[in-house]
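Q: What follows is a predicted structure for the sequence shown.
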Amino acid sequence: MYHLVQKAGMSRCFSRIFAAIFICGLFSSFAFAQGADVPRVISYQGQISSNSGVPLSGDESVTVTLYADPISRHVIWRGKYDVTITNGLFTVLLGKGAYPLPMSDSLNRQLWVGIQIGESEEMKL
């Protein structure tokens, strides 16, 4: 009789351990799935004017490039977007659409920005 009680106790112990492992695995996979759904975008707003200082308006393509160095040799990321410029202001969601941002370890440093409006020369910021 004593031996059966011991086995039942061990079985109950293994069941509890298995249930705890299963619940931990379930929560960690849920947390991983939640992290994968977080959008990775950076909202960037710029102001553009003509050489005489008049704010521009209209639809343009804007190419944004992120560089790892101040002399623009090492490109981290580049994206081209169609934007509407209103009274010189435009907003771009970097990483949205066909140009996803790289992993955060590539972005976790000092970066330099290059902006090109249409076919004009890139402006380094």
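A: Noted; the coordinates are in hand.

Q: next SSE after the helix or strand harbouring residue 84?
A: Using DSSP states H and E, residue 84 falls within strand 75-85. With elements assigned by DSSP H and E, the helix or strand that comes after strand 75-85 is strand 89-94.

Q: What residues sit buried inside that next one?
A: 90, 92, 94 (16 or more other C-beta atoms under 10 Å). For glycine as for every other residue, the C-beta is placed from the backbone atoms N, C-alpha and C.

Q: how close does the last one get to residue 54?
A: It stands for residue 94. Distance, residue 94 to residue 54, using C-beta to C-beta, to the nearest Å: 27 Å.

Q: ok, now the first one?
A: Here the criterion is C-beta to C-beta. By it, residue 90 lies 15 Å from residue 54.

Q: cool, residue 80 as well?
A: For residue 80, the distance to residue 54 - C-beta to C-beta - is 25 Å.

Q: what about those two, which has more around it?
A: When residue 80 and residue 54 are compared for neighbours, residue 80 comes out ahead with 14 against 9, by other C-beta atoms under 10 Å.

Q: Tell me how many other residues crowd residue 119.
A: 8.
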